[in-house]
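Visitor: Starting from these lines, generate the structure:
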Amino acid sequence: MSTELENYWLNKRSKYATEPWASLPSLFAQTAFPYFEPASELLELGAGLGQDGIWFAEQGIEVTQTDIAIGEMLSVPEELQVKRERIDLSERLPYGPASFDAVYACLSLHYFDWHRTEQLFDEIYDILRPEGVLAVLLNSVKDPEYGQGRLIEEDYFEIDGIKKRYFDLPSLQKLTQRYRPLLIDDQGTSYKDQAKGVSNLIRFIGKKA
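Guide: Okay, the predicted model is just below:
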């Protein structure tokens, strides 16, 4: 695992922890939750501060939170079913077939080249149980930041030392064609973007066919 990348996210997390929304479930978490079955086993990829997984657990979901950096996360009340694991998403996911009822990834799957992105979505599909739910929020090509920095490959740039991918609906549909879509649009937002009046993040919620 990259120590440099881990330190990058620890620094970002320290900054985000001072925001007024730091302990609130994200807007996407609130959108996705009704699609999860009660008492589901959910894998969260790229948990960040951890507020979404903690909120899911408060609603009765059993949560495994993963991140490349698990330091400085919000503390979990002892009564909640939340497990934390250090996972680098650039490497193969360490879970067997049909391990989870749901996979949730809020702004964490858009940091990889297209080859690894395809692999990652295939691995997620495999670890979901039949009728399992995938919920992802992703950067959009409509983002004002799109096109800045060094171009690596189509829709993939290095900006301020971090590599970022930007999606449109067709590119996401290529990755999720084995799912039955429940929600797919480019109207997603975050608390940070909402304050700027921006709502162009790519949202996908689908059920494994």
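Visitor: Please make it C-alpha for all contacts and neighbour counts, starting now.
Guide: Will do.
Visitor: Tell me how many other residues crowd the closest residue to residue 29 other than its chain neighbours.
Guide: Spatial nearest neighbour of residue 29, excluding adjacent residues (CA to CA, 6 or more residues apart in numbering): residue 52 at 6.1 Å. If you count neighbours by other CA atoms under 10 Å, residue 52 ends up with 26.
Visitor: pretty sure residue 52 is in a helix, no?
Guide: Yes - using DSSP: H, G, I helix; E, B strand; the rest coil, the assignment for residue 52 is a helix.
Visitor: quick one: the strands in the chain?
Guide: Ranges of strands in the chain, per DSSP state E, are 41-45, 62-67, 82-86, 100-106, 128-138, 150-153, 156-159, 162-165, 179-188, 201-208.
Visitor: so can I have TSV of those showing mean pLDDT and distance to residue 6?
Guide: Shown next, in TSV, are these (pLDDT from 0 to 100; distance: least, CA to CA, whole Å):
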stretch	mean pLDDT	distance to residue 6
strand 41-45	98	15
strand 62-67	97	9
strand 82-86	96	10
strand 100-106	98	18
strand 128-138	98	20
strand 150-153	97	21
strand 156-159	96	17
strand 162-165	95	12
strand 179-188	97	27
strand 201-208	98	24
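Visitor: nearest to residue 144, of those strands?
Guide: In terms of CA to CA, the element of these nearest to residue 144 is strand 201-208, at 11.4 Å.
Visitor: Kindly state the beta-bridge partners for the most centrally placed residue in the chain.
Guide: Closest to where the C-alpha atoms of the chain average out (CA atoms, centre = their mean) is residue 105, at 2.1 Å. Beta bridges link residue 105 to residue 136 when assigned by DSSP bridges.
Visitor: Okay, buried residues for stretch 98-118 please.
Guide: Across stretch 98-118, burial judged by 16 or more other CA atoms under 10 Å covers 99-113, 116-117.
Visitor: do stretch 144-160 as well
Guide: 146-147, 149, 155-158.
Visitor: State the distance from residue 121 to residue 103.
Guide: To residue 103, residue 121 is 11 Å away according to CA to CA, to the nearest Å.
Visitor: Oh, that last question was meant for residue 131, not what I typed.
Guide: Distance from residue 131 to residue 103, by CA to CA: 12 Å.
Visitor: ok, now residue 194?
Guide: Separation of residue 194 from residue 103 (CA to CA) stands at 25 Å.
Visitor: returning to what we had before: residue 124 is in contact with the residue nearest to the centre of the chain, correct?
Guide: No - the criterion here is CA atoms under 8 Å, and residue 105 misses it with residue 124 at 10.5 Å.
Visitor: before we move on, back to that, among the strands of the chain, which is nearest residue 13?
Guide: Here strand 62-67 is closest among those (CA to CA), at 11.6 Å.
Visitor: Which neighbouring elements make contact with the closest one?
Guide: Applying 3 or more CA pairs under 8 Å, 6 or more residues apart in numbering; DSSP states H and E, one finds that strand 62-67 contacts strand 41-45, helix 51-58, strand 82-86.
Visitor: between these, which gets nearest to residue 173?
Guide: Within those, the stretch nearest residue 173 is strand 41-45; the backing value is 19.8 Å (CA to CA).
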